[in-house]
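J.: give me a model of this one.
(chains A and B, ligands or ions: 2)
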Amino acid sequence: MSEVKVITGTSAAAEAAKLADVDVIAAYPITPQTTCVEKLADFVANGELDAEYIKVESEHSAMSASIAASATGARTFTATSSQGLALMHEVLFAAAGMRVPVVMMNANRALSAPINIWNDQQDSLSQRDTGWIQLYAEDNQEVLDLVIQAFKIAEDEKVLLPVMVNLDGFILTHTVEPVTLPKRETVLDFIGTYEPKHAYLDPKKPMTQGALGDPNYYMETRYAIETAMRNAEKVIADVHDAFAEKFNRAYGNGLIESYNLEKAENVIIAMGSICGTIKDMIDLKKKEGVEIGLLKIRCYRPLPVEMIKDALKNAKNVAILDKSISLGMNKGAIYADVASHLKDKKTVNYIVGLGGRDITSEDILGIYADVETSEDGKTNWVGLKEE
Amino acid sequence: MVNTGTIIYEPGSSANNKTGSWRVFKPVLDQDKCVKCENCYIFCPEGCIQEKDGKFEIDYDYCKGCLICEKECPVKAIKTEREEK
Ligand code: SF4
Ligand code: SF4
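T.: Ligands and ions are numbered 1, 2, ... in the order given. Reported below is the predicted structural model:
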């Protein structure tokens, strides 16, 4: 029997790592991720989880140790946030290039300066070209479900890429919600054991991992990651469907989730916890006969471009919400990635919630009203205090 | 195509990749001056100076010409010559 607990998002991630029976955890605490690795330290210390817990002195070391652990063939988990993720930056490329299926929880948080511990998605979006699969959760149940799915996706032979599961700092990391915890056996039966054929430690079969790759090899290595990303689209969908079947919880097709898209001409594209607020507004307005559509991006890398195009075929005006900003371009990353594929529609970019700025239901309704009249290709900073 | 993760499964494969082609300068060891102190053998970062029959010899297939050996030789038994190819 599964069990329902009222827990935070970081606890949901820790519980999922425990359910996946990870072998190694290498982690450094950083707000608002800390409670996740504290929880895992508890599990290991009190014998609930038989894993090696490596205490490291920085996130750079946390990722380095995770890569090394995974390269021996061990199922490996770590967690980070913001400045910590930025400190991991160079090693994130190594994880992808070495094709180690590390799973990492990232608590989405703004980057300094000024020092700001609150939520936006600048940290993970700034890592988009490292070769990591990036998934985003809307609520704490989805955090748990995504971490479980992440292991199965990462370890799939057609993928073998590290996966980052993102949840909005504080909004999810520190807010309690009822979360259904499946039974360990059921989860392990779903994920299976990790038996790497490419990277493992066996003194009888020595191998070199992470060697120099001169100009004869490097380009092929990057291309191989791109191929794995394309394969991942199908694997993510398949893993999602198999999960839905076994655990009775589904999230769109696993990569995107459509909400009221059939009738709505005005559609919002968003990622993460804000989708919950948007769905509430959609339900509310529907009663008044107003149709608003939502396209939730659950998988940002690989970006499911064809699925997005297809889901938006009835849309006319598309509001693309970004909790990050590519400075010098005045566009968020999602807009930059998606708008060019929606040439036949009006697309407007809304920069929202940077550094934890509140995004209210009124803001969402404001965006809905604005997208109809706003000029194509425009960027609006929502709630900006201008002098 | 490269192996997944660009992993090298064959141990000792680096021995196949000769690194001597990078060399601009070449160390030349004068056996008559050599006092067999082992300094060059210890300091060569390529590990390409070996002792054979009581003599120290440089393996030019792997010597990259850094000239650390010349610098470390206490009796100046190692001279530098420009590599000619
Ligand atoms: S030049 Fe450098 S690489 Fe060559 S033998 Fe001397 S120390 Fe070794
Ligand atoms: S350092 Fe000079 S003296 Fe010593 S072993 Fe090498 S060549 Fe001979």
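
J.: now do the helices in the stretch 51-200 of chain A.
T.: Taking DSSP state H, counting those that start in this stretch to define them, one finds helices in the stretch 51-200 of chain A at A:59-71, A:82-97, A:122-125, A:140-154, A:184-191.

J.: to chain B, which of the ones you listed lies closest?
T.: For chain B, the closest of the helices of the stretch 51-200 of chain A is helix A:82-97, at 6.7 Å, according to Cβ to the nearest Cβ. The way it works is simple: take the backbone N, C-alpha and C, and place the C-beta from them, glycine included.

J.: pLDDT weak spots in chain A?
T.: For chain A, no stretch has pLDDT under 70.

J.: for ligand 1, what's its nearest residue on it.
T.: The minimum distance from chain A to ligand 1, using Cβ to the nearest ligand atom, falls at residue A:212 (17.4 Å).

J.: residues contacting that residue?
T.: Not one residue lies near residue A:212 by Cβ atoms under 8 Å, 6 or more residues apart in numbering or on different chains.

J.: from ligand 2, how far out is the closest residue to residue A:366 other than its chain neighbours?
T.: Excluding the flanking residues, the one nearest residue A:366 by Cβ to Cβ, 6 or more residues apart in numbering or on different chains is residue A:382, at 7.3 Å. Distance of residue A:382 to ligand 2, given as Cβ to the nearest ligand atom, to the nearest Å: 71 Å.

J.: and for residue A:304?
T.: Using Cβ to the nearest ligand atom, one gets 63 Å for the distance from residue A:304 to ligand 2.

J.: over to residue A:158?
T.: For residue A:158, the distance to ligand 2 equals 54 Å [Cβ to the nearest ligand atom].

J.: then residue A:79?
T.: As judged by Cβ to the nearest ligand atom, residue A:79 and ligand 2 stand 52 Å apart.

J.: count the neighbours of that residue for me.
T.: Around residue A:79 there are 34 other residues, counting by other Cβ atoms under 10 Å in any protein chain shown.

J.: repeat for the one 10 residues further on
T.: Close neighbours of residue A:89, defined as other Cβ under 10 Å, add up to 14.

J.: then the one 3 residues further on?
T.: As a burial measure, residue A:92 scores 22 neighbours (other Cβ under 10 Å).

J.: which ones are touching it?
T.: By Cβ under 8 Å, 6+ apart, the residues touching residue A:92 are A:63, A:127, A:130, A:131, A:132, A:162.

J.: recalculate using a threshold of 6 Å.
T.: A:127, A:130, A:132 (Cβ atoms under 6 Å, 6 or more residues apart in numbering or on different chains).

J.: give me the nearest residue to it, chain neighbours excluded.
T.: Spatial nearest neighbour of residue A:92, excluding adjacent residues (Cβ to Cβ, 6+ apart): residue A:130 at 4.0 Å.

J.: touching chain B at all, stretch A:194-211?
T.: Yes. For stretch A:194-211, a contact with chain B is found by Cβ under 6 Å from any Cβ of the partner chain, at A:198, A:199, A:206, A:207, A:208, A:209, A:211.

J.: got a list of contacts for that stretch?
T.: Contact partners of stretch A:194-211, identified using Cβ under 6 Å, 6+ apart, comprise A:71, A:72, A:73, A:75, A:98, A:155, B:4, B:5, B:7, B:8, B:9, B:11.

J.: select only the buried ones of those in ChimeraX?
T.: Buried members of the contacts of stretch A:194-211, defined by 16 or more other Cβ atoms under 10 Å in any protein chain shown, are picked up in ChimeraX with:
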select /A:71,72,73,75,98,155 /B:4,5,7,8
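
J.: re the thing from before, burial count for the residue nearest to residue A:92?
T.: Residues within reach of residue A:130, counting by other Cβ under 10 Å, total 22.
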